[in-house]
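S.K.: Got a predicted model here, sequence first, then my questions.
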Amino acid sequence: MNNDFTFTLKSIRFDENYQPSDNTRITTNFANLARGSSRQENLRNTLRMINNRFNVLAHWDNPNGDRYAVELDIISIEMQMGAANAGNALPLIEILKTHIIDMRTNTRIEGITGNNFSSYVRDYDFSVLLLEHNQNQSGFSTPENFGDLHGKLFKHFVNSITYREHFRKQPVICLSVSSSKTYHRTENQHPVLGVEYQQDEYSLTDEYFDKMGLKVRYFMPPGSVAPLAFYFSGDLLNDYTDLELIGTISTMEAFQKIYRPEIYNANSAAGKSYQPSLKHQDYSLTRIVYDREERSRLAIEQGKFVEEHFIKPHQTLLAQWSAAHHAL
């Protein structure tokens, strides 16, 4: 259809010299770290945390714990809304792409796409639409069709020629577990992902990602103190190599230790039954500066930005496109 959406990708290396581009969402993990007087030290320490953790997990044939390094690229996806809106591409999502450098063999191994997930439309859904919907209600509920448009846009991107031209495998997104749910340890254990946890019911985030075509499993890797939520579309345990999985674990665990130290830098590990809490007091801080309150405020501002510049002006087009893609 003439109103179909196409995608373009931009890539920037996340290293100690990283400077956010002007159109990067300022609530993203990377942009937060790269601001202020501590920016370069923040970035250097974050990358060191990632590399150290990778080498701990990839310990075979690695006696000195320094065989591997992780390279990170921030992938920004812009969406072009049909021929009628030529030249008016909108920033849609940002994800991370990992590569693993094997210093012993001097090879560069492609890692997993996804990892972190940052989305303007998700900011709108959670920080504007959901808040407004529940403002004058006694109980919590979600608006009708909550997450439908975002889910279809994401699946459209992953199924696009653009995605297939740039990435070999389906994305895996790795996030924090929900503080509103209780997780139970199972007997299932993977050599890299670690011990699997399960919960009785999905969180709102789990349901939101389900609309993006992504299932979820929860694993606590060896040496970790809390399970991570892994969102994927295929077979998490068999579609990816151990090194690919370690790249994702080491990267996203480092970010979670910075942003949610109460959960991921706690001084004691999750037990058989585990409910995460951001009010937990027995944890350690990293040496990396981060303003969590500012990030929450900016999420609302950016959610309103996408409402003003994307949702409202293109309401009719989006509704038509969404109806045409109901079977996705």
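M.R.: Yep, that arrived. Numbering: from 1, shown residues only.
S.K.: Just the CA trace of stretch 195-203, in PDB.
M.R.: What follows is stretch 195-203, C-alpha atoms only, in PDB (Å, rounded to 0.1, in the frame of the first residue of the first chain):
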ATOM      1  CA  VAL A 195      19.100 -20.700  36.700                       C
ATOM      2  CA  GLU A 196      15.700 -20.200  35.200                       C
ATOM      3  CA  TYR A 197      12.900 -18.500  37.200                       C
ATOM      4  CA  GLN A 198       9.200 -18.400  36.500                       C
ATOM      5  CA  GLN A 199       6.300 -16.300  37.600                       C
ATOM      6  CA  ASP A 200       2.500 -17.000  38.000                       C
ATOM      7  CA  GLU A 201       1.400 -14.100  35.800                       C
ATOM      8  CA  TYR A 202       2.900 -11.700  33.200                       C
ATOM      9  CA  SER A 203       3.700  -8.100  34.100                       C
END
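S.K.: Outside of that stretch itself, list whatever touches it.
M.R.: Among residues not part of stretch 195-203, those counted as contacts by Cβ atoms under 8 Å, 6 or more residues apart in numbering are 177-178, 180-186, 188-190, 210, 216-220, 227, 270, 274. C-beta here means a position set from N, CA and C on the backbone, and glycine is covered the same way.
S.K.: which residues of the stretch 1-150 of the chain fall in helices?
M.R.: Secondary structure of the stretch 1-150 of the chain (DSSP state H, counting those that start in this stretch): helices located at 29-33, 39-57, 120-124, 130-133, 148-158.
S.K.: Now the helix or strand where residue 207 lies: buried residues?
M.R.: Assigned by DSSP states H and E, residue 207 belongs to helix 204-210. By neighbour count on 16 or more other Cβ atoms under 10 Å, the buried set for helix 204-210 is 204-206, 208-209.
S.K.: got it, and stretch 306-319?
M.R.: Buried, per 16+ other Cβ under 10 Å, within stretch 306-319: 306-307, 310-311, 314, 318.
S.K.: any chance you could map the strands in the stretch 201-328 of the chain?
M.R.: Counting by DSSP state E, counting those that start in this stretch, the stretch 201-328 of the chain has strands at residues 215-220, 228-232, 273-274.
S.K.: Ignore what I typed, I meant the stretch 1-150 of the chain.
M.R.: According to DSSP E, counting those that start in this stretch, the strands that the stretch 1-150 of the chain contains are 5-14, 68-81, 90-102, 107-119.
S.K.: Could you dump these into JSON lines and include mean neighbour count, distance to residue 149 and mean pLDDT?
M.R.: Converted to JSON lines, those look like this (neighbours: other Cβ atoms under 10 Å; distance: least, Cβ to Cβ, whole Å; pLDDT from 0 to 100):
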{"stretch": "strand 5-14", "mean neighbour count": "16", "distance to residue 149": "11", "mean pLDDT": "90"}
{"stretch": "strand 68-81", "mean neighbour count": "19", "distance to residue 149": "12", "mean pLDDT": "92"}
{"stretch": "strand 90-102", "mean neighbour count": "21", "distance to residue 149": "11", "mean pLDDT": "92"}
{"stretch": "strand 107-119", "mean neighbour count": "20", "distance to residue 149": "11", "mean pLDDT": "95"}
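S.K.: Helices of the stretch 201-328 of the chain, residue ranges please.
M.R.: For the stretch 201-328 of the chain, the helices defined by DSSP H, counting those that start in this stretch cover 204-210, 242-259, 261-264, 292-306, 315-324.
S.K.: for the second one, the distance to its chain's centre please.
M.R.: Going by Cα atoms, centre = their mean, to the nearest Å, the spacing between the C-alpha centre of helix 242-259 and its chain's C-alpha centre is 11 Å.
S.K.: hmm, back to that, which one of the buried residues of stretch 306-319 sits closest to residue 90?
M.R.: Closest approach between the buried residues of stretch 306-319 and residue 90, by Cβ to Cβ: residue 310, at 5.6 Å.
S.K.: how close does that closest one get to residue 287?
M.R.: Counting by Cβ to Cβ, to the nearest Å, the gap from residue 310 to residue 287 is 38 Å.
S.K.: Brilliant, that's me finished.
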